[in-house]
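Peer 1: sequence and predicted model, in that order:
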Amino acid sequence: GAVVSQHPSWVICKSGTSVKIECRSLDFQATTMFWYRQFPKQSLMLMATSNEGSKATYEQGVEKDKFLINHASLTLSTLTVTSAHPEDSSFYICSARWGAQNTEAFFGQGTRLTVV
Amino acid sequence: EDQVTQSPEALRLQEGESSSLNCSYTVSGLRGLFWYRQDPGKGPEFLFTLYSAGEEKEKERLKATLTKKESFLHITAPKPEDSATYLCAVQETSGSRLTFGEGTQLTVNP
């Protein structure tokens, strides 16, 4: 299957600082990328959808000023958690899709964010 | 609003003991139903996509089937390495987002 690389795989940051997570599609051009959040023992909750060159579409309840998403190229999307607080600690996962809307989405390996 | 319900929440099997996982869904129009496997601390790994009722797909010990209301993931003679959380997701015809179920945590004991 297609490869989606997410970096870093884990990060610890101090409360009040910002953290950037990168998501790269290595062997295909991702027309659409998705960002999810997953709490322990729970399923994936979609945070936002981004199309290359466009502003991201955020899900209800997700603060766009706190979770900045940039999809500057067909192979790279970034999620920046601004002014992070301990409640932002979670597992963040990106996925990428190419072509028609019914093609499968491939996931990155996830980023464990811990805010102390 | 799309809804996906997976059962059971957790399943323990002995090695070689076949079973099935269920994914019930409600969607206005189904574009596709997806199965993923997720290991602890990792992102989901794609398994199957099913598009229409009656469709079946197989991969090694796994077989996925689809009806108009639910999908089953059949596991034949499972091995300990099949232990993982299995996630089901649906995509409706009007959008590109996936709606995930809560998953079934499968443990296969040797």
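Peer 2: The structure has been received and is ready for your questions.

Peer 1: what are the ranges of the strands in chain B?
Peer 2: Counting by DSSP state E, chain B has strands at residues B:3-7, B:10-14, B:19-26, B:30-38, B:45-50, B:56-59, B:62-66, B:70-75, B:84-92, B:99-100, B:104-109.

Peer 1: hmm, residue B:27 is touching residue B:90, no?
Peer 2: Yes: under the criterion of Cβ atoms under 8 Å, residue B:27 makes contact with residue B:90 at 5.2 Å. Just so you know, the C-beta spots here come from the backbone N, C-alpha and C atoms, and that holds for glycine as well.

Peer 1: picking that back up, now, of the strands of chain B, which is deepest in the fold?
Peer 2: strand B:84-92 (a mean of 23; mean count of other Cβ atoms under 10 Å in any protein chain shown).

Peer 1: is any part of that one close to chain A?
Peer 2: Yes: contact between strand B:84-92 and chain A, assessed by Cβ under 8 Å from any Cβ of the partner chain, occurs at B:87, B:91.

Peer 1: neighbouring strands for that strand, and are they parallel or not?
Peer 2: strand B:30-38 (antiparallel), strand B:99-100 (antiparallel), strand B:104-109 (antiparallel) (DSSP bridges).

Peer 1: mind checking the pLDDT average for the shortest one?
Peer 2: Throughout strand B:99-100, pLDDT has a mean value of 93.

Peer 1: try stretch A:63-81
Peer 2: Per-residue scores along stretch A:63-81 average to 93.

Peer 1: now do stretch A:33-50
Peer 2: On average, stretch A:33-50 scores 92.

Peer 1: contacts for it next, please.
Peer 2: With Cβ atoms under 8 Å, 6 or more residues apart in numbering or on different chains as the contact definition, stretch A:33-50 has outside contacts at A:23, A:25, A:32, A:56-59, A:62, A:64, A:67, A:69-71, A:77, A:79, A:90-97, A:105, A:110, B:44, B:87, B:96-103.

Peer 1: in that stretch, what's buried?
Peer 2: Going by neighbour count (16 or more other Cβ atoms under 10 Å in any protein chain shown), the buried part of stretch A:33-50 is A:33-38, A:43-44, A:46-50.

Peer 1: biggest separation within those residues, which pair?
Peer 2: Spatial extent of the buried residues of stretch A:33-50 (Cβ to Cβ) is set by the pair A:43 and A:50 at 20.8 Å.

Peer 1: start and end of stretch A:21-41, how far apart?
Peer 2: Start-to-end span of stretch A:21-41 (Cα to Cα, to the nearest Å) is 22 Å.

Peer 1: that stretch: how far from the chain's middle?
Peer 2: Offset of stretch A:21-41 from its chain centre (Cα atoms, centre = their mean, to the nearest Å): 5 Å.

Peer 1: ok, stretch B:44-64 next?
Peer 2: 8 Å.

Peer 1: just to revisit the earlier point, pipe the strands of chain B into CSV and attach distance to residue A:85 per row.
Peer 2: Formatted as CSV, those follow (distance: least, Cβ to Cβ, whole Å):
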stretch, distance to residue A:85
strand B:3-7, 30
strand B:10-14, 32
strand B:19-26, 35
strand B:30-38, 26
strand B:45-50, 31
strand B:56-59, 42
strand B:62-66, 40
strand B:70-75, 38
strand B:84-92, 28
strand B:99-100, 25
strand B:104-109, 29
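
Peer 1: residue A:19 is nearest to which of those?
Peer 2: strand B:30-38 (22.8 Å).

Peer 1: re the thing from before, any shared contact partners between residue B:27 and residue B:90?
Peer 2: Between them, residue B:27 and residue B:90 share the contacting residues B:2, B:99, judged by Cβ under 8 Å, 6+ apart.
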